[in-house]
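A.B. asks: I would like the atomic coordinates for the input below:
(chains A and B)
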Amino acid sequence: MDSFIQIDDATLRFRIYRNRTPALKESVIAALTKKSTADPVLEFDALKNLNLRISGGERLGVIGLNGAGKSTLLKMIVGIYPPQKGSVHVKGKVTPLIELGTGFDHELSGRENIYLNGALLGRSFKQMRSLEAEIIDFSGLEEKIDMPIKYYSSGMLGRLAFSIGTIIEPEILLVDEVFSTGDAQFVNKAKDRMHHMITKSSIVVIVSHSMEHIIQFCNRVVVLHKGEVVASGDPQDMCDYYHLNIAGLPVMPRQPKEETSSPVAAAAAAAIPIAVPH
Amino acid sequence: MTKATIDQPKISGVTEASLRASGQDAESEALSAIAGQLERTIQSSSGESFISFAKRTLLELTNIKFALASFVVNNLRRRYRRSVLGFAWSLLNPIMTMCVMTAVFSMLFHQDPRSFGVYVFTGLLPWSFFNDSVLAGSGSITGAESFLKKVYIPKLFFPLVTVSTEGANFAFSFVALVLLSTILGTQLSWSIFLVVPIFALLFLFSFSCALFFSIATVYFRDLAHILRVGLGALFYTVPIVYPTTVVPERFQYLYAFHPISRFAELFRISVCEGKTPGLEVWIAPIVATVLVFVIALYTLKKTERDIIFRL
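C.D. replies: Residues are numbered from 1 along each chain as shown, chains lettered A, B, ... in the order given. Predicted coordinates for the structure are as follows:
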């Protein structure tokens, strides 16, 4: 397929305003008293001179510490954050699985939320009607679907969100840590569906702290550190690189893809977000 | 600070095959929607012309028309869900407001309450629509922070949802007006259909104001308080609760420059008087609408790429 993502020299700068709620009153007073109106601004580059080309067929894993810019990178590809410098070119329909359940209205029933969420993903009422039964079936919420979702447990909400978000086969799939929702039974179903989605998509970009998932799904990995791509290449090599040079952890024992990783490695992977505060 | 541009999404031949296959019609064309335009370039340098910006914005809006309808319906549903009378409130509310206003001001200005009631109601409807659109619309972008940070959605979507919701309310209230004025003995003529173009113009006017203030609120969060007072004062400059005859002759010409009072006038002439409004009544509303629309769109173009960092 000819879909691709091309990022050229993109810099994304966040400005943090000390004054979170700028007021007209203050500006007027500052102007009258001839004080400087300059807001104390803290700037930092979430992404720095990023160059990345992702072509059809690639399953790209993005790893890095918390705050390295992984989620920001996905949000830039979606179009939420425009870069201040450089460009992002995307060809193909993007389906983000970034924050499931965005736009849920808690006053409305599960069924109504299916249509609302579908509409947010650009689907018409008609299309959602044809997908409704399948979504409800997959979520396993049959008898509770007409209840306002404020009475749902967080697990049920997660199941509903996942079922809506993954109903279609996307061209470009962006995944941000959405592997586990609901109970054990649902997690297995969800894993199967994720697997299916990942195989069917032309391009997949996965952000995860789970090296297990990264190695299982990806055929290329980039390591992000402080907004820059510091390494790129084979998943296993990159995970080792990440553990050695960035997370400061021992290298995970190499294992064949099919097996689940050892408890030690899993614990090490799970500990990453907490282990190294930067 | 450099600026970024999001180029117009080009709908190429690569439409999403899976949904096509599931037997959906041309509507799936609009699929590209918020989540995925088919081809899109986001660049840092802003070389986009105003016209191409306007075109792109319009295209983005057509892509999310389903979401728009869905949001408006849900807003209305939520507004009336917890009340016993439900949608009847949207009819009762303006009637009750009108009764209070008519009772007070017909005494004050010694008017016949029957015809004055209809007079007040026809003026009150466009005013309430404008007032509520601007007030609720001004906080619509700041209120949608959680959306804007999670999905790609054009910024003007949120003020548009607010104004459309108020528009639906206007339609309900208008039904109440027609019923009431018939009961009170007003002769309706075919000119009542002129309400459609008049309202379309008022809608665009109110939406443009709401869009402008929703952006301004991002930069000045206390704007809502100022707006509330400002609109409260503006209300009394529009002849709604008083007849124009109480305004001294030498000030009458000022109404020619007052678009909102002209909007009220347009409604009155076509509904109460059953006539076609003359060109001189149309000028101020049309000029004002075009002006605020261009200003609002220009403001959006200037700030579009900055808003997300300010939320």
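A.B. asks: For the rest of this, base every contact and every neighbour count on C-alpha atoms.
C.D. replies: OK.
A.B. asks: where does chain A have low pLDDT?
C.D. replies: A:1, A:18-21, A:34-40, A:178-182, A:252-278 (pLDDT under 70).
A.B. asks: now do chain B
C.D. replies: B:1-39, B:43-47, B:82-86.
A.B. asks: three-state assignment of residue 167?
C.D. replies: Using chain A here. Put simply, A:Ile167 is coil when judged by DSSP: H, G, I helix; E, B strand; the rest coil.
A.B. asks: what's the neighbour count on the nearest residue to B:Val118 once chain neighbours are set aside?
C.D. replies: Nearest residue to B:Val118, sequence neighbours excluded (CA to CA, 6 or more residues apart in numbering or on different chains): B:Ser181, at 5.9 Å. Around B:Ser181 there are 22 other residues, counting by other CA atoms under 10 Å in any protein chain shown.
A.B. asks: So which bits of the helix or strand hosting B:Ser181 are buried?
C.D. replies: Counting by DSSP states H and E, the element that carries B:Ser181 is helix B:157-183. Buried residues in helix B:157-183, defined by neighbour count with 16 or more other CA atoms under 10 Å in any protein chain shown: B:157-174, B:176-178, B:180-181.
A.B. asks: quick one: the strands in chain B?
C.D. replies: Per DSSP state E, chain B has strands spanning B:5-6, B:39-43. These are given in chain order.
A.B. asks: So the spatially closest residue to A:Ile136 that is not a sequence neighbour versus B:Tyr236, what's the distance?
C.D. replies: Distances taken as CA to CA, 6+ apart place A:Glu142 nearest to A:Ile136, at 6.1 Å, with adjacent residues excluded. In this view, A:Glu142 and B:Tyr236 are 55 Å apart by CA to CA, to the nearest Å.
A.B. asks: next one: A:Ile5
C.D. replies: From A:Ile5 across to B:Tyr236, the span is 56 Å (CA to CA).
A.B. asks: Of these two, give the one with the bigger neighbour count.
C.D. replies: The neighbour comparison of A:Ile5 against B:Tyr236 (other CA under 10 Å) goes to A:Ile5, with 21 against 11.
A.B. asks: Grab the nearest non-local neighbour of the more buried one.
C.D. replies: The spatial neighbour of A:Ile5 that comes closest, neighbours along the chain excluded (CA to CA, 6+ apart), is A:Val90 at 4.6 Å.
A.B. asks: Just checking the distance from the helix or strand encompassing that neighbour to the centre of its chain.
C.D. replies: Per DSSP H and E, A:Val90 falls inside strand A:85-91. From the chain centre to the centre of strand A:85-91 is a distance of 18 Å (CA atoms, centre = their mean, to the nearest Å).
A.B. asks: swap in stretch B:177-194?
C.D. replies: 24 Å.
A.B. asks: quick one: the spatially most central residue of chain A from chain B, how far?
C.D. replies: Central residue of chain A (CA atoms, centre = their mean): A:Asp176, 2.4 Å from the mean position. A:Asp176 sits 12 Å away from chain B, going by CA to the nearest CA, to the nearest Å.
A.B. asks: Kindly state the domain boundaries assigned to the chain.
C.D. replies: Picking chain A for this. Per automatic domain parsing, the structural domains of chain A span A:4-92+A:204-275, A:110-201.
A.B. asks: hmm, I had chain B in mind actually
C.D. replies: Using automatic domain parsing, the domain parsing of chain B gives B:1-63, B:64-310.
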